[in-house]
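1. Dropping the sequence and predicted coords here.
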Amino acid sequence: MECRYLGDTGINVSRMCFGALTIGPLQERLPLGEGAAVIRSALEHGVNFIDTAQMYGTYSYIRKALKGFGGQVVVASKSYAYTREDMAKALEEARREMDLDVVDIFMLHEQESIQTIRGHGEALDFLVEAKAKGLVRAVGLSTHRVSGVEAAIQVPEIQVVHPMVNFKGVGIQDGTIKDMLAVLDKAYRAGKGIYGMKPLGGGNLMHQFEEAFSFVLGLPQLASVALGMKSVAEVELNVQIFNGEKVSPQLMDKVRGLTRRLHIEDWCQQCGRCIERCHSGALTMAGGKVAVEKEKCVLCGYCGAVCAEFCIKII
Ligand code: SF4
Ligand code: SF4
């Protein structure tokens, strides 16, 4: 699979990045061996880049997938930590649980603006020092907002940007895809390494599969694109697409049938925490129940992480 350098970081990544959110407790809850086998199959097909996060709960899958694999793999993780102490714990947890000496890329999770980056100033300082000590190779941020990318451009220590990018702009919280592309171009020219997330808008663009992939793969600003996958069939299909190979109709049929949706159980206590957590504005309280606006939901699973009643599932 083709690799590209992530901006000025010197880190060379495959165009397809394995997005580890999907296999874990916030989404598919695959058994450890099964989830690790899906990651391992991507690695064996030439994918050398894995994206995860402290909150995804998928470090154990990655550790198992990497065990005994001979090739070089780039791992990116992220944390919501604000303080130096919490970021130190987050990095230590990632190193320990994935059995890695160095986490290649460590990011501030879901940043919105220069103000939120300043709010995470201590955590950012810690990551910059960890980089100087060789514990991480590059520092970055992930964002669902145009203003998040704009902020990254202003902070030289942020070398990697992981933004929401898909041809309809699904999940971009403060603008259109045109706005996002304009700011990504500025970030690219400033030497930032960029890898996109949610090319299929969390499944909302599955019916426009070919168009969605050809859009992100045609963007020179994106070194790589993170994709959540939960089966070996999905890995094989996506590898064919990313390699520009003829797509197998059998694989396409298998994967097309795998559309997912957010499900809210009847025992919901209407506390509203999930509504507050959903920055996509996809959840509302209607008639004493939480309702999901499917077109706005990118299936990130973040709402499920705050539900103390375990009512939210992606099925
Ligand atoms: S967080 Fe859970 S219990 Fe609270 S409103 Fe949402 S689904 Fe219901
Ligand atoms: S409803 Fe939940 S899964 Fe959907 S975008 Fe909002 S936080 Fe993410």
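-> Great, that's in hand. Numbering: from 1, shown residues only. Ligands and ions are numbered 1, 2, ... in the order given.

2. S77 - that's part of a strand, no?
-> Yes: when DSSP: H, G, I helix; E, B strand; the rest coil is applied, S77 is found to be in a strand.

3. burial of it, as a residue count?
-> For S77, the neighbour count with other Cβ atoms under 10 Å is 30. Backbone N, C-alpha and C define where each C-beta goes, glycine included.

4. Contact partners for it?
-> S77 makes contacts with D51, T52, A53, Q54, Y59, A90, A94, V103, I105, F106, M107, as judged by Cβ atoms under 8 Å, 6 or more residues apart in numbering.

5. Tell me where the chain has strands.
-> Using DSSP state E, the strands found in the chain span residues 3-5, 12-14, 16-19, 49-51, 74-79, 103-108, 136-143, 160-163, 193-196, 224-228, 262-264, 283-286, 289-292, 312-314.

6. roughly how far is the first one from the heart of the chain?
-> It refers to strand 3-5. Chain-centre distance of strand 3-5: 18 Å, with Cα atoms, centre = their mean, to the nearest Å.

7. just the second one next, same as before
-> In this view, strand 12-14 has its centroid 16 Å away from the chain centroid, taken as Cα atoms, centre = their mean.

8. try the last one
-> Here the centre of strand 312-314 is set off from its chain's centre by 18 Å, with Cα atoms, centre = their mean.

9. outside of that strand, which residues touch it?
-> With contacts defined as Cβ under 8 Å, 6+ apart, strand 312-314 is touched by 26-28, 260-265, 274, 299, 301, 303-304.

10. and with 6 Å instead?
-> The contact list for strand 312-314 (Cβ atoms under 6 Å, 6 or more residues apart in numbering) reads Q27, R260, L262, H263, I264, L299, G301, C303, G304.

11. Now, of those, which are buried?
-> Burial by neighbour count, judged by 16 or more other Cβ atoms under 10 Å, picks out Q27, R260, L262, I264, L299, G301, C303, G304 from the contacts of strand 312-314.

12. Which members of these occur in helices, if any?
-> C303, G304 (DSSP state H).

13. Give me the subset of the buried ones among the contacts of strand 312-314 that also touch ligand 2.
-> Checking the buried ones among the contacts of strand 312-314 against ligand 2 by Cβ under 6 Å from any ligand atom, the ones in range are L262, L299, G301, C303.

14. Any chance of a markdown table for those, columns distance to ligand 1 and pLDDT?
-> Formatted as a markdown table, those follow (distance: Cβ to the nearest ligand atom, whole Å; pLDDT from 0 to 100):
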| residue | distance to ligand 1 | pLDDT |
| --- | --- | --- |
| L262 | 10 | 85 |
| L299 | 15 | 83 |
| G301 | 13 | 81 |
| C303 | 7 | 87 |
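
15. farthest-separated two in the residues you listed?
-> Spanning the widest gap among these are L299 and C303, at 10.1 Å by Cβ to Cβ.

16. How about V149: what's its closest non-neighbour residue?
-> V183 (4.5 Å; Cβ to Cβ, 6 or more residues apart in numbering).
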